[in-house]
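1. kindly return the folded structure for what I paste below:
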Amino acid sequence: MDFPSGGEIMEDVENNYIGGENNDEENRIEISEERSEEVQAHGWCLLPKRTYDSIKEKEDESWREIIDDQTLKQKSPGGNTVLHVAALYGNDRCVERILEIGPAELLIALNNNGDTPLHVAARAGKISTLHKLVAPLLRNLNSQQAKMVILVINKQRNTLFHEALLNGHKNVMEILDSSPPGFRKLVELEVFACTNYQDKSVLQLAFERGYEDIVDDGLTRIIPG
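-> Numbering: from 1, shown residues only. Below you'll find the predicted structure:
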């Protein structure tokens with residue numbers, strides 16, 4: 001898998017992101033972007049609301065009828081691709097299909113908040129979806145490329161791990177369980193030390209929230225016995 005080379009706190013309406021916290025427990029996308037004046041004015045390739053709705057309704061899999069090469073090129077006014085939307089709603093089968101037919105670059109596509117689909121899934125606590133998103137990286141492991149994708153930072157300088165812990169999803173660390181030990185160590189060493197714009201590392205966030213197992217693991221990595 002080959003990937004191209006790839007602030008201020010802002011509100012991402014679609015992902016309900018304000019200063020690192022979820023403001024709607026379901027992270028719902030309610031606006032009808034088909035009627036957006038912003039879309040019409042800029043002539044963007046529109047990701048229609050019906051696409052959101054079909055992906056959100058995971059059981060009937062109506063999304064299979066609309067996920068094609070054209071859909072993969074569409075973005076919403078908030079900069080979200082169809083993979084961001086599938087990640088947000090935790091539609092694992094849709095994520096698998098998109099990764100099967102779409103370009104690898106979708107994994108590092110950024111929305112207007114600088115979020116990749118991995119940030120979106122982490123913030124929403126969709127851990128099984130995160131497993132699906134990182135699976136191609138671990139199957140075709142190029143350590144530096146995979147690390148680059150997993151450690152992308154958004155406009156708050158948050159990694160996906162920051163986003164998960166900020167929103168109470170401590171099991172995010174499980175996504176590295178199936179990775180080779182050397183790669184896991186490589187990623188975790190950087191994750192635990194990387195700080196965001198509030199000067200907080202993943203290790204500090206874990207300490208503040210009382211996630212003792214993460215703290216113990218982090219200290220072991222940073223200060224080996």
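2. dead centre of this protein: give me the residue that sits there.
-> residue 118 (1.9 Å; Cα atoms, centre = their mean).
3. enumerate every residue touching that residue.
-> Neighbouring residues of residue 118 by Cβ atoms under 8 Å, 6 or more residues apart in numbering: 87, 107, 130, 133-134, 149-150, 152, 160. C-beta coordinates here come from the backbone N, C-alpha and C atoms, glycine included.
4. let's see 7 Å
-> Going by Cβ atoms under 7 Å, 6 or more residues apart in numbering, residue 118 touches 130, 133, 160.
5. cool, and residue 134?
-> So residue 134 contacts 150, 175 (Cβ under 7 Å, 6+ apart).
6. element containing it, please.
-> helix 127-139 (DSSP states H and E).
7. quick check: mean pLDDT of that helix?
-> The average pLDDT for helix 127-139 rounds to 92.
8. next SSE after that helix?
-> Next along from helix 127-139, by DSSP H and E: helix 143-150.
9. average pLDDT for that following helix, rounded please.
-> 88.
10. do the same with stretch 54-67
-> In the prediction, stretch 54-67 has an average pLDDT of 78.
11. residue 172: what secondary structure?
-> Secondary structure state of residue 172, per DSSP: H, G, I helix; E, B strand; the rest coil, is helix.
12. from memory residue 94 sits against residue 55, does it?
-> Yes - counting by Cβ atoms under 7 Å, residue 55 is a contact partner of residue 94 at 5.5 Å.
13. between those two, what contacts are shared?
-> Common neighbours of residue 94 and residue 55 (Cβ under 7 Å, 6+ apart) are 63, 86.
14. circling back: now do the helix holding residue 134 and helix 143-150, the angle between them.
-> Helix 127-139 and helix 143-150 are oriented at 160 degrees to each other (axes from the mean of the first three to the mean of the last three Cα atoms, to 10 degrees).
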